[in-house]
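> Turn this into a structure:
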Amino acid sequence: MGTQFGVSDPPDSDPVYDALVSALDTRLGGSKTVSYYRVNYPAGLQPWSVSLGNWDLVRHIEAQAAACPNQRFVAVGYSQGANVVSNSVGVSSLGSLTGAPIVAVIPANIAPRVAALVLYGSPQRGLPLYKPTTITGTYQARTLDDCATGDPACGGGVDSAAHLSYSQPEHSLPAADFIAARV
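Residues are numbered from 1 along each chain as shown. Alright, predicted model coming up:
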């Protein structure tokens, strides 16, 4: 059984992505076939970039689900990428920092195949200016929503270094364990 691991961060090399992939590969130890896909969108402060990522993530999962009927999926988003993942499961990021309206949602017939969601530094958790939202409903128990202490994007803190800390083992290892337990 394959697991598609969708990461909502487009750079070729990203320390958060690299740390999680390394930890997950170690946790799974070759027991599962894993493929990775980087969502194609121009991460930036423009809200439309979340819409592009939302569209790409959902379309990719739909295509993979059709091509591989037994494949399961994991979606991971860091910062703005968390908005992409949230929108893709029907939880609107509109109103949060770099948020956007939902443009596509993973279809209900594919939803049971989404094994896990991991959100790092999600702006939807809120700056004091925004109404905080979280993943609810069918995906709630399958979601790890990680906010580093002091992270201004998700916890209302003032430590910008906290928002850059998700590549550290205290974040990547629990996320890898969370995913490995569900795939």
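> ok so residue 81 is a helix residue?
Yes. Applying DSSP: H, G, I helix; E, B strand; the rest coil, one finds residue 81 inside a helix.
> I figured it was touching residue 38, is that so?
No. Judged on Cβ atoms under 8 Å, residue 81 makes no contact with residue 38 at a distance of 9.8 Å. Where C-beta positions appear, they are placed from N, C-alpha and C, glycine not excepted.
> the more surrounded of the two?
A side-by-side neighbour count of residue 81 and residue 38, using other Cβ atoms under 10 Å, places residue 81 first with 31 against 18.
> Contacts for stretch 83-93 next, please.
By Cβ atoms under 8 Å, 6 or more residues apart in numbering, the residues outside stretch 83-93 that reach it are 6, 8, 39, 41, 50-51, 53-54, 57-58, 61, 75-77, 82, 96, 98-106, 111, 114, 117, 119, 122-124, 133-137, 139.
> To clarify, my last question referred to stretch 18-31.
With contact meaning Cβ under 8 Å, 6+ apart, stretch 18-31 is reached by 5, 7, 34, 36, 76, 118, 166-169, 171-173, 175-177, 179-180, 183.
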